[in-house]
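Novice: Give me coordinates for this.
(chains A and B, ligands or ions: 2)
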Amino acid sequence: MNKFARQLLPFSSLLFIISLWTCLVPDTFLSFQNISNVLTRSAANGIMACGMTFIIITGGIDLSIGSMLAMTGMLASIVMLMLGGGTWTAICGGEFIAMPLWAMVIGTVAGMVFGGLCGLFNGICITRLKLAPFIVTLGSMSIFRGVSYVLNDGKPFAISAYTYLDTGKLLGIPVPLLLFAIALAGSGFLLKYTKFGRYAYAIGSNITTAFHAGINVNKILVGAYTFMGLLTGLAAMIYSSRASSAQPSAGLSLEMDVIAAVIIGGCSPAGGKGTMTGTLIGTLLISFLRNGLTLLNVSTNLQLIVIGFIIIFAVTADRLAVQGGKKENI
Amino acid sequence: MSNDRLDIQGLGKAFGTVQVLRDVNFRLRAGTVHAICGENGAGKSTLMKILAGNFPADSGQMFLEGRPYAPANPAEAIRAGIAMIYQELDLAEHLTVAENIFLGQERTASRWKFRLDNNAMTQETQELISRFGFPLTADAVIGDLSVAQAQMVEILKALHQNAKILVMDEPTSALSQTEAAQLFTIIHRFREEGLAIIYISHRMEEIMDLADEVSVLRDGEMVWHAPIGDCTVETIIRHMVGRELVDFYPKRNAKIGDVLFAVENLCDHEKIADVSFQVRRGEVVGLGGLVGAGRTEVANAIFGVSKHISGRITMQGKDLKIHSPADAIRARIAYLTEDRKRTGLCTALPCSWNITLPNLDHIGMARILSLKKELEQSRKEGERVHVRWASPEDAADTLSGGNQQKLLLARWLMAESDFLIFDEPTRGIDVGAKKDIYLLLNELAEAGKGLLVISSELPELFGVCDRILVMREGRLTANLQTKDTTPEDVMRHATI
Ligand SMILES: Nc1ncnc2c1ncn2[C@@H]1O[C@H](COP(=O)(O)OP(=O)(O)OP(=O)(O)O)[C@@H](O)[C@H]1O
Ligand SMILES: [Mg+2]
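Specialist: Ligands and ions are numbered 1, 2, ... in the order given. Have a look, this model is predicted:
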């Protein structure tokens, strides 16, 4: 089974969904406004899916990204508001604080740095304490969420002037979309054309072999989780910008959507397998699916059910497609 | 079809576009040992996997004791009485020896059918082990065992099934002669009990010793069949490779130079103590001993795999500080491990990636990988050791066992190290290709590199090494010039 054929399945599912919606709700679905909206809305999740692809390829998982998103968003807005001259009580009270541009820029960078630090924390716990990624990130998921609630007693921070990462445009392209494109291209390059990516595959495929081949396994793993954190930080800023505030409850169960996108895109949860193209397709598939269901007035609760079945279907189909060339018929 | 236990007629099998078996006919009589010989990739394991229900054939029929036989899965094959020892170790790493042996056929307590009777299983396993005199315990976890021990567990697991047909796909490739001899006594006993045994091996002496009949597969076709009385090693090889094979251990013209590599008082505070030796440029040094004598541990200690090492390691007189394989590779040491599945290959990744894995820096791809150049280079290295692949982009696990081994050789040749450790380099390699590997070893020695070859095959040690070190229970017991010693000598130092 060659690489091209492996992409074919998720890709044709994507085409199928798009044509289905085109038939069912032609006017609303196919409008430029709608498509552009869907793409822009999928950007933040897509950015995170890029990082998740690396982690799943190494055979790991990061459950903490939803909480991490909330926490880094909160922390970054504190930075912005403080730089804008707000006092702690004013910030917590949700008073309007005028933020200069430079404060917002620094705040955005700070968000990514905080995210990177969170990822670094995960990576170090996993490699130094020799714990399973599942366990470490299950723990940090709780820690990060707890911190976000504690910061302002469960209340959000208002950053009403911070809209550029939501509605801003550069050369006519929505900024979130542009960031997604950059993240995707960068990650794709890292994965395919650098040792970092190659070693991620090797570790996921056989970690002992990777070690014997002289790969610094811990360094690569810490790198992958840190990269995930950085991208989550960026996504957090897009989310905050969209809500004009940093919500402590942001990104609840977001990790599920991101992991689903990556898995639907053909990454193996057992590691060693996956591509960025697949992740892009997986992300778009989920977004378009949601969008069409919403246009058809299907409730979000029902959408959950549909998405769940799609995940199981996608992975089964992938398994069946591969079986032709596989040895055992387990 | 009177006493044919198994009759295979016109069997064919293709993987994708590659035709692996063509119109294979094969008959197995009860109470005989039938050897199947063939080069790497000839299709031996594929034929056996069809027999054991791993996948179906595309065409042809099989008859088991006269009745049509077409197993849908391994469980069905086991029920029909086929016991299989796979070429690649196939055990559950986290389970114990007893749990593995009883996997799929656990004993339950007499009153509560759902309750496993662990005591009975452990006890029965222990009896089985002591009956065959293997160095194992029933409650050891597989992950902690050496390859040889794991191989013994595979053997016990198959023997335990009361099978009608016992298939052994290179059961001795990881065993030393002593353990192999134990296995042969068992095989003889089973043959007398009327079992039919299929035996696959690349070790010709074993086949001449054991087999009653020999069949030869070449490129997926059964090209020859004869009773052992009509066979000589030469005729078998001629049918296998289609040409004569002369000078099995080729001469070497290496100039032995200065001391290149030395260890002094190497200890890992567990399995080995006080190991000291030197290897000169252009010299091939063998490391012999029984399974469990600590040979692999010496290699692990040198290469930075094991922790808490004490002792001195020097290269060209300079001290080396090695804390990980990465350090060792940087110091230009290469180490071909004995277990290609556990520590050698990333089986799901492309062959080319497997070859370049430790060499990316080295072939000038420190920052940005050039996939085209990588493919070219790995194709070149692969061809140097004659890997048989459809394409280097295929996953490593689509290659036959011997060809997987060649991938690893290609990897370490590409590394251009100064000092190379080869742990069982010809494990699972066919006779023709073995010679190619010996030629490669010579080439390396002639280029002034130092080689340490660990091997359980005494003829191989004597054929390729200038000097043989012998280990017993974690210590070096002898340092012998090959030309002044005999196999008996080596065995004596290994056992007493
Ligand atoms: N799953 C697979 N997909 C594609 N090709 C395969 C697969 N399994 C085996 N092959 C091919 O089938 C051929 C026969 O392989 P097989 O493992 O039967 O060889 P073998 O005779 O057992 O060799 P060896 O002595 O090296 O063990 C090889 O060329 C191999 O590449
Ligand atoms: Mg084989």
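Novice: Could you tell me how many residues sit around the nearest residue to residue B:93 once chain neighbours are set aside?
Specialist: Nearest residue to residue B:93 in three dimensions, chain neighbours excluded: residue B:143, at 4.4 Å (Cβ to Cβ, 6 or more residues apart in numbering or on different chains). Yep, even glycine has a C-beta here, placed from its N, CA and C like the rest. Number of residues near residue B:143 (other Cβ atoms under 10 Å in any protein chain shown) recorded here: 12.
Novice: Pretty sure residue B:143 sits against residue B:95.
Specialist: No - look at residue B:143 against residue B:95 with Cβ atoms under 8 Å: they stay out of range, at 9.1 Å.
Novice: From residue B:469, how far out is the nearest residue in space to residue B:219 that is not next to it in sequence?
Specialist: Closest residue in space to residue B:219, ignoring its immediate chain neighbours: residue B:42 at 6.4 Å, by Cβ to Cβ, 6+ apart. According to Cβ to Cβ, to the nearest Å, residue B:42 stands 35 Å off from residue B:469.
Novice: try residue B:346
Specialist: 32 Å.
Novice: On the three-state scheme, the residue in the stretch 51-200 of chain A that ligand 2 sits nearest to is what?
Specialist: In the stretch 51-200 of chain A, the residue that lies nearest ligand 2 is residue A:59 (27.9 Å; Cβ to the ion). Reduced to three states with DSSP: H, G, I helix; E, B strand; the rest coil, the structure at residue A:59 is coil.
Novice: Give me the neighbour count for it.
Specialist: So residue A:59, with other Cβ under 10 Å, has 21 neighbours.
Novice: isn't it right up against residue A:273?
Specialist: No - the pair residue A:59 / residue A:273 is not scored as a contact, 9.9 Å apart, by Cβ under 8 Å.
Novice: which residues are common contacts for these two?
Specialist: Jointly contacting residue A:59 and residue A:273 under the rule Cβ atoms under 8 Å, 6 or more residues apart in numbering or on different chains are residue A:204.
Novice: residues near residue B:247, how many?
Specialist: If you count neighbours by other Cβ under 10 Å, residue B:247 ends up with 9.
Novice: list the contacts for it?
Specialist: residue B:435.
Novice: Okay, it and residue B:431: tell me how far apart.
Specialist: In terms of Cβ to Cβ, residue B:247 sits 12 Å off from residue B:431.
Novice: what's the answer for residue B:50, then?
Specialist: Residue B:50 sits at a distance of 25 Å from residue B:431 (criterion: Cβ to Cβ).
Novice: which of the two has more neighbours?
Specialist: residue B:50 (25 against 20).
Novice: thought that one was touching residue B:57?
Specialist: Yes - using Cβ under 8 Å, residue B:50 makes contact with residue B:57 at a distance of 5.0 Å.
Novice: Between the two, which contacts overlap?
Specialist: With Cβ under 8 Å, 6+ apart, residue B:50 and residue B:57 have common neighbours B:11, B:13, B:21.
Novice: ok, how many other residues are close to the second one?
Specialist: Read that as residue B:13. 22.
Novice: Going toward the C-terminus from the helix or strand containing it, what's the next helix or strand?
Specialist: Applying DSSP states H and E as the criterion places residue B:13 in strand B:4-15. Using DSSP H and E, the helix or strand that follows strand B:4-15 towards the C-terminus is strand B:18-29.
Novice: Would you mind listing where the chain has pLDDT under the threshold?
Specialist: You didn't say which chain, so I picked chain A. Along chain A, the model assigns pLDDT under 70 to residues A:1-7, A:318-330.
Novice: that's the other chain; I wanted chain B
Specialist: In chain B (pLDDT under 70), the answer is B:1-3, B:111, B:113, B:244-246.
Novice: Just list what whichever strand or helix holds residue A:105 packs against, helices and strands only.
Specialist: In the assignment (DSSP H and E), residue A:105 maps to helix A:101-128. Helix A:101-128 makes packing contacts with helix A:65-83, helix A:133-151, helix A:217-243 when contacts are defined by 3 or more Cβ pairs under 8 Å, 6 or more residues apart in numbering or on different chains; DSSP states H and E.
Novice: Okay, angle between the second one and helix A:101-128 too, please.
Specialist: Going back to what we said before, that points to helix A:133-151. 140 degrees (axes from the mean of the first three to the mean of the last three Cα atoms, to 10 degrees).
Novice: Which residues does the helix or strand following helix A:133-151 contact?
Specialist: Using DSSP H and E, the helix or strand that follows helix A:133-151 in sequence is strand A:157-158. Applying Cβ under 8 Å, 6+ apart, the contact partners of strand A:157-158 are A:74, A:77, A:78, A:81, A:91, A:92, A:94, A:96, A:151, A:244, A:245, A:246.
Novice: Distance check, the third one against residue A:52.
Specialist: From residue A:78 across to residue A:52, the span is 27 Å (Cβ to Cβ).
Novice: just the second one next, same as before
Specialist: As defined by Cβ to Cβ, residue A:77 lies at a distance of 24 Å from residue A:52.
Novice: so residue A:62 makes contact with residue A:55?
Specialist: Yes - at 5.2 Å, residue A:62 and residue A:55 qualify as touching, with contact defined as Cβ under 8 Å.
Novice: Check whether residue 166 sits in a helix, strand or coil.
Specialist: In the absence of a named chain, chain A is used. Residue A:166 - assigned by three-state DSSP - is helix.
Novice: wait, I meant chain B there
Specialist: strand.
Novice: Kindly report the same for residue B:154.
Specialist: On the basis of three-state DSSP, residue B:154 is classed as helix.
Novice: residues contacting it?
Specialist: Contacts of residue B:154 by Cβ under 8 Å, 6+ apart are B:85, B:86, B:89, B:90, B:91, B:171.
Novice: Can I take it that residue B:471 is in a strand?
Specialist: Yes - counting by three-state DSSP, residue B:471 is found in a strand.
Novice: close enough to count as contact, it and residue B:494?
Specialist: Yes - counting by Cβ under 8 Å, residue B:494 is a contact partner of residue B:471 at 7.4 Å.
Novice: More neighbours: which of those two?
Specialist: residue B:471 (24 against 21).
Novice: for the residue nearest to that one when sequence neighbours are not counted, phi and psi?
Specialist: Closest residue to residue B:471 apart from its sequence neighbours, by Cβ to Cβ, 6+ apart: residue B:289 at 3.8 Å. With angles defined as degrees, to the nearest 10, residue B:289 sits at phi 140, psi 170.
Novice: Tell me, how many residues neighbour the residue nearest to residue A:206 when sequence neighbours are not counted?
Specialist: The shortest distance from residue A:206 to any non-neighbouring residue, by Cβ to Cβ, 6+ apart, is to residue B:346 (4.7 Å). By the criterion of other Cβ under 10 Å, residue B:346 has 24 neighbours.
Novice: before we move on, the earlier item: quick check: phi and psi at the residue of the stretch 51-200 of chain A closest to ligand 2.
Specialist: phi 90, psi 10.
Novice: Likewise for residue B:66?
Specialist: phi 90, psi -20.
Novice: for residue B:423, same thing?
Specialist: phi -100, psi 110.
Novice: coming back round to it: where do the contact lists of residue A:62 and residue A:55 overlap?
Specialist: With Cβ under 8 Å, 6+ apart as the test, residue A:62 and residue A:55 both reach A:133, A:225, A:228.
Novice: picking up where we left off before, reformat the helices and strands packed on helix A:101-128 as CSV; add distance to chain B and mean neighbour count.
Specialist: Output for these, formatted as CSV (distance: least, Cβ to the nearest Cβ, whole Å; neighbours: other Cβ atoms under 10 Å in any protein chain shown):
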stretch, distance to chain B, mean neighbour count
helix A:65-83, 26, 27
helix A:133-151, 17, 18
helix A:217-243, 9, 25
